[in-house]
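Asker: I'll drop the sequence and a predicted model, then ask my questions.
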Amino acid sequence: MPQPDASDPTPRPPRRKRYVGRNPRSFQDKYKELRLDPATLAKVTASGKTPAGTHLPILLPEIRQILALQPGDTVADATLGYGGHAAALLPAIQPTGLLLGLDVDPLELPRTEARLRALGFPPATLAVHRSNFAGLPKVLASLGLPGVNALLADLGVSSMQLDNPARGFSFKSDGPLDMRLNPQRGQPASALLASLPPHKLAALLHENADEPRAFPLADALAGNSFPTTRSLTAALHALTPDPAERELTCRRVFQALRIAVNEEFSALDSLLRHLPQSLLPGGRLAILTFHSGEDRRVKKALALGLANGTYESIADQVIRPSPAELHANPRSSSAKLRWAIRAPSP
Ligand SMILES: C[S@@+](CC[C@H](N)C(=O)[O-])C[C@H]1O[C@@H](n2cnc3c(N)ncnc32)[C@H](O)[C@@H]1O
């Protein structure tokens, strides 16, 4: 057998990591998915899963229909994420339209921009800005835009963020208890938990996730050190005697902390307040929410806008994913879509 030549400076490709079983389970071992190997992506998607490092856009045909984009339109995607919705919307505004994509995540945003540029969308067609959507009016002003013809906001976290254990969003894998969409700002969830008094943590669990055991959980958790997702999950399991309730409890507590760490409700309230000035007359709006705290805010703001004449019409009911979409993408299960059309100018 030929021996490696010690004087050869050519770097060798890394050896594939071995994993147990037929399919990789840990995030890093899913190297073919993370490298966007087309055959692997197709296989994983066909099995009803989201390939690691990607995100499947939710309610896409319904959103296309609501936004009814025309060539030359300016559209804001307030939560660019993986760019799934954006990539599907961009062709409709060609050749002179502009899609303005915002996201707070400094880690995923450059990858998304590179992917969208590689699909053939240059800066004249796609402007990408790292910004909280609460700052949409400022971004529009910096670009000299009077407003947009359409806006999409697909709230919460992307699958890339959720699945990467290093981001600390998921109770299903171990990593630092961080949960920041922008890890360069604010404090991680571990620091928040360590610093909150029990009554504040209880309020947060109740308001952000409708947690029915907010007070006993807060009494046991507040002020304690949980440096990793696994340490918090273990504590929640120990505090939840009924095994059937454990996953739901973890889901609610992780959701409540994520919302608090990223100040998600105040960002959404700002977006909803600024929408009338950001949408051009006749402009169309689609907002995807994933839990009751978000949907309540959107429903209330749109109803108020209809009553005061800001909006000409709004969704009278939420739109939910079809059984076929739920089967193909179980992560769409809690999605609710609402829409509104800005009144024409008087
Ligand atoms: C559900 S994903 C969007 C997925 C996207 N529609 C797609 O098809 O790929 C939500 C994205 O919104 C971003 N995000 C959450 N809150 C934000 C905020 N206040 N301002 C800007 N981006 C935000 C997250 O970082 C995440 O990338």
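Answerer: Happy to help now that I have it.
Asker: isn't there a helix covering L217?
Answerer: Yes - L217: assigned to a helix according to DSSP: H, G, I helix; E, B strand; the rest coil.
Asker: for the stretch 201-346 of the chain, what spans make up the helices?
Answerer: Counting by DSSP state H, counting those that start in this stretch, the stretch 201-346 of the chain has helices at residues 214-221, 229-238, 243-261, 264-278, 292-307, 323-328.
Asker: which among those helices is found nearest to L69?
Answerer: Nearest to L69, of all those, is helix 264-278, at 16.4 Å by CB to CB. Where you see a C-beta, it was placed from the backbone N, CA and C, and this is true even at glycine.
Asker: name the nearest residue to G84, ignoring sequence neighbours.
Answerer: P57 (3.3 Å; CB to CB, 6 or more residues apart in numbering).
Asker: next, count neighbours for that neighbour.
Answerer: 20 (other CB atoms under 10 Å).
Asker: and the pLDDT at it?
Answerer: Per-residue pLDDT puts P57 at 95.
Asker: pretty sure it is in contact with L80, am I right?
Answerer: No - using CB atoms under 8 Å, P57 makes no contact with L80, being 11.2 Å away.
Asker: quick one: contacts for the residue nearest to F215 when sequence neighbours are not counted?
Answerer: Residue nearest to F215 in three dimensions, not counting chain neighbours: A202, with 4.8 Å by CB to CB, 6+ apart. Applying CB atoms under 8 Å, 6 or more residues apart in numbering, we find A202 in contact with 214-215, 217-219.
Asker: closest to K172 out of those residues?
Answerer: K172 has its nearest neighbour among those in L217, at 19.2 Å by CB to CB.
Asker: please report how far the closest one lies from the ligand.
Answerer: 25 Å (CB to the nearest ligand atom, to the nearest Å).
Asker: report the contact partners of that residue.
Answerer: With contact taken as CB under 8 Å, 6+ apart, L217 is in contact with 201-202, 205, 211, 236, 239, 249, 253.
Asker: got those residues as TSV, with pLDDT and distance to S322 columns?
Answerer: Formatted as TSV, the contacts of L217 follow (pLDDT from 0 to 100; distance: CB to CB, whole Å):
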residue	pLDDT	distance to S322
L201	98	38
A202	98	38
L205	97	32
E211	96	30
L236	98	33
L239	97	37
T249	98	30
V253	98	31
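Asker: so which of these are also by the ligand?
Answerer: For the ligand, no contacts are drawn from the contacts of L217 by CB under 6 Å from any ligand atom.
Asker: of those, closest to the ligand?
Answerer: V253 (19.4 Å; CB to the nearest ligand atom).
Asker: list the contacts of the nearest residue to that closest one once chain neighbours are set aside.
Answerer: Leaving out its chain neighbours, the residue that sits closest to V253 by CB to CB, 6+ apart is L236, at 5.9 Å. Residues counted as contacts of L236 (CB under 8 Å, 6+ apart) are 171, 217, 246, 249-250, 253.
Asker: mind redoing it with 6 Å?
Answerer: By CB atoms under 6 Å, 6 or more residues apart in numbering, L236 lies in contact with 249-250, 253.
Asker: ok, it to T249 distance?
Answerer: With distances taken as CB to CB, to the nearest Å, L236 is found 5 Å from T249.
Asker: tell me how far stretch 63-79 is from the chain's mean position?
Answerer: 19 Å (CA atoms, centre = their mean, to the nearest Å).
Asker: how about stretch 193-204?
Answerer: Here the centre of stretch 193-204 is set off from its chain's centre by 25 Å, with CA atoms, centre = their mean.
Asker: now swap in stretch 284-299 and tell me
Answerer: Averaging C-alpha positions (CA atoms, centre = their mean) puts stretch 284-299 13 Å from its chain's average.
Asker: next: stretch 245-255.
Answerer: With CA atoms, centre = their mean, you get 18 Å for stretch 245-255.
Asker: kindly report the residues of the stretch 151-300 of the chain close to the ligand.
Answerer: So the stretch 151-300 of the chain meets the ligand at 154, 156-158, 181, 267 (CB under 6 Å from any ligand atom).
Asker: in helices, which of those appear?
Answerer: Secondary structure from DSSP state H places A267 of those in helices.
Asker: looking at pLDDT only, which of the residues of the stretch 151-300 of the chain next to the ligand scores worst?
Answerer: pLDDT across these is lowest for G156, at 90.
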